[in-house]
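# generate a structure from the sequence data that follows.
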Amino acid sequence: MAQPRKHAYTTAPEDPNPAAETTFAERARTMLSLSQVGVISTHSVHCKGFPFGSTMPYALDAIGRPLFLISAMAMHTKNLREDPRASLFVTDPSADRDPLGAGRLTLVGSAEPVPDEDLEEARALYLSRHENASYYVDFADFSFWRLNPTELYFVGGFGVMGWIQADDFQRAVADPLAESAAGILQHMNDDHAAAMLDIAYAEKEIVASEAKMTAVDRLGFHLRLKTPERVQSVRIGFPHEVRSSDECRQAIVAMVKQARSDKESKNEN
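This next block holds a predicted model:
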């Protein structure tokens with residue numbers, strides 16, 4: 001289901017060819033699945049009334065709840081035992097290159113020890129993401145906790161932001177291109193700059209001198225285009241939803257062929 005157009009979305013109302021975008025909930029779930037470490041903020045026991053931030057590795061359970069393996073000696077554990085309210089802040093893995101332009105997410109909720117009946121699953125999920133934790137996972141002072149989301153606040157870049165309800169987040173799944181997206185972007189930017197220029201002209205009627213693919217998902221992709229007037233970002237939709245890197249490649253190849261065919265027809269006329 002596509003996210004309705006709203007404030008600061010890439011596709012403006014006057015866009016000659018509007019493109020569907022994935023929901024904030026899906027983007028949030030995708031970001032959480034790609035990252036492995038965030039910052040947890042708890043209510044300080046030592047400094048009453050102040051938040052306390054800690055680096056926090058995490059895994060996700062089946063409905064997207066972050067799982068933590070924490071020591072009884074850790075300050076954040078002591079804080080959570082006194083007040084379970086907490087937030088987890090996670091950034092897109094590419095945030096080191098453009099921290100304000102990259103996506104980020106704040107998950108707000110209440111933390112609790114993982115119930116006995118869920119411990120085996122939590123242990124397996126956590127160790128699959130953090131293999132080094134196997135050295136201390138069975139220490140007596142370590143235990144598994146999980147954060148139950150109440151709401152989430154998603155920022156997708158400059159001006160793209162909004163609240164996500166917990167129910168919407170739990171129903172969402174990570175984008176099927178999440179694991180392969182980085183490779184797709186590198187391949188397109190290294191080897192197919194001319195193809196992206198042709199697509200930009202065919203889809204958005206923009207004549208650009210440079211094009212860079214900055215994001216891709218099951219419904220489409222973003223291009224950053226350089227024109228004589230400015231640098232702008234546009235959203236371009238696939239002809240149909242894609243579910244794998246191979247389907248993505250086929251869709252882009254078809255789009256390039258169509259764009260070049262249309263261009264030749266215009267030149268002939």
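# please, where are all the helices along the chain?
Assigned by DSSP state H, the chain shows helices spanning 24-34, 75-82, 119-129, 166-171, 181-191, 193-204, 245-268.
# just name the most buried of these.
Highest mean neighbour count of those: helix 24-34, a mean of 24 (counted as mean count of other Cβ atoms under 10 Å). (C-beta placed from N, C-alpha, C; glycine too.)
# just checking, what packs against it?
strand 104-113, strand 142-157, strand 160-165, helix 166-171 (3 or more Cβ pairs under 8 Å, 6 or more residues apart in numbering; DSSP states H and E).
# point out the other elements, helices or strands, that the last one touches.
When you say that, I think you mean helix 166-171. Secondary elements touching helix 166-171 (3+ Cβ pairs under 8 Å, 6+ apart): helix 24-34, strand 142-157.
# got these as CSV, with mean pLDDT columns?
Formatted as CSV, the helices and strands packed on helix 166-171 follow (pLDDT from 0 to 100):
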stretch, mean pLDDT
helix 24-34, 95
strand 142-157, 94
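# out of those, nearest to residue 219?
helix 24-34 (9.6 Å; Cβ to Cβ).
# now what about the closest one, what contacts it?
3, 60, 64, 66, 90, 92-93, 103-105, 107, 152, 154, 156, 162, 164-165, 168-169, 171-175, 178-179, 217 (Cβ atoms under 8 Å, 6 or more residues apart in numbering).
# that helix to helix 119-129, inter-axis angle?
70 degrees (axes from the mean of the first three to the mean of the last three Cα atoms, to 10 degrees).
# what's the angle from helix 24-34 to helix 181-191?
Going by the same axes, to 10 degrees, helix 24-34 makes 90 degrees with helix 181-191.
# same for the helix or strand of the chain with the lowest mean pLDDT, what does it pack against?
Least confident helix or strand, the chain: helix 245-268 with a mean of 90, by mean pLDDT, DSSP states H and E. Helices and strands touching helix 245-268, by 3+ Cβ pairs under 8 Å, 6+ apart, are helix 181-191, helix 193-204.
# at 10 Å instead, please
helix 181-191, helix 193-204, strand 210-217, strand 220-226, strand 231-237 (3 or more Cβ pairs under 10 Å, 6 or more residues apart in numbering; DSSP states H and E).
# got a list of contacts for the longest one?
Judged by Cβ atoms under 10 Å, 6 or more residues apart in numbering, the contacts made with helix 193-204 from elsewhere in the structure are 11, 15-17, 19, 188-189, 192, 206-213, 220-221, 223-225, 227, 232, 234-237, 252-253, 255-263, 266.
# may I see the buried residues of stretch 33-46?
33-35, 38, 40-44 (16 or more other Cβ atoms under 10 Å).
# select only the buried ones of the contacts of helix 24-34 in ChimeraX?
Selecting only the buried entries of the contacts of helix 24-34 in ChimeraX, with 16+ other Cβ under 10 Å as the criterion:
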select :3,60,64,66,90,92,103,104,105,107,152,154,156,162,164,168,169,172,174,175,178,217
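# low-scoring stretches of this structure, by residue?
1-16, 95-97, 101, 268-269 (pLDDT under 70).
# spatially central residue in it, please.
Nearest residue to the geometric centre of the chain (Cα atoms, centre = their mean): residue 31, 2.8 Å.
# how far away is it from residue 228?
Residue 31 sits 35 Å away from residue 228, going by Cβ to Cβ, to the nearest Å.
# returning to that earlier point: in JSON lines: the helices and strands packed on helix 24-34, plus distance to residue 73.
Shown next, in JSON lines, are the helices and strands packed on helix 24-34 (distance: least, Cβ to Cβ, whole Å):
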{"stretch": "strand 104-113", "distance to residue 73": "16"}
{"stretch": "strand 142-157", "distance to residue 73": "10"}
{"stretch": "strand 160-165", "distance to residue 73": "34"}
{"stretch": "helix 166-171", "distance to residue 73": "31"}
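# now for these, which one comes closest to residue 132?
Closest among the helices and strands packed on helix 24-34, using Cβ to Cβ: strand 142-157, at 13.0 Å.
# could you export that closest one as PDB, CA atoms only?
The C-alpha trace of strand 142-157 is given here as PDB (Å, rounded to 0.1, in the frame of the first residue of the first chain):
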ATOM      1  CA  PHE A 142      23.000 -10.800  31.700                       C
ATOM      2  CA  SER A 143      19.300 -11.000  30.700                       C
ATOM      3  CA  PHE A 144      17.100 -10.400  27.600                       C
ATOM      4  CA  TRP A 145      14.800  -7.400  27.500                       C
ATOM      5  CA  ARG A 146      12.500  -6.100  24.800                       C
ATOM      6  CA  LEU A 147      11.000  -2.700  24.000                       C
ATOM      7  CA  ASN A 148       7.300  -2.700  23.300                       C
ATOM      8  CA  PRO A 149       6.600   0.300  21.000                       C
ATOM      9  CA  THR A 150       3.900   2.800  21.700                       C
ATOM     10  CA  GLU A 151       4.700   5.100  18.900                       C
ATOM     11  CA  LEU A 152       7.500   5.800  16.500                       C
ATOM     12  CA  TYR A 153       8.800   9.000  15.000                       C
ATOM     13  CA  PHE A 154      10.300   8.700  11.500                       C
ATOM     14  CA  VAL A 155      12.500  11.200   9.700                       C
ATOM     15  CA  GLY A 156      13.300  10.200   6.100                       C
ATOM     16  CA  GLY A 157      15.600  13.200   5.300                       C
END
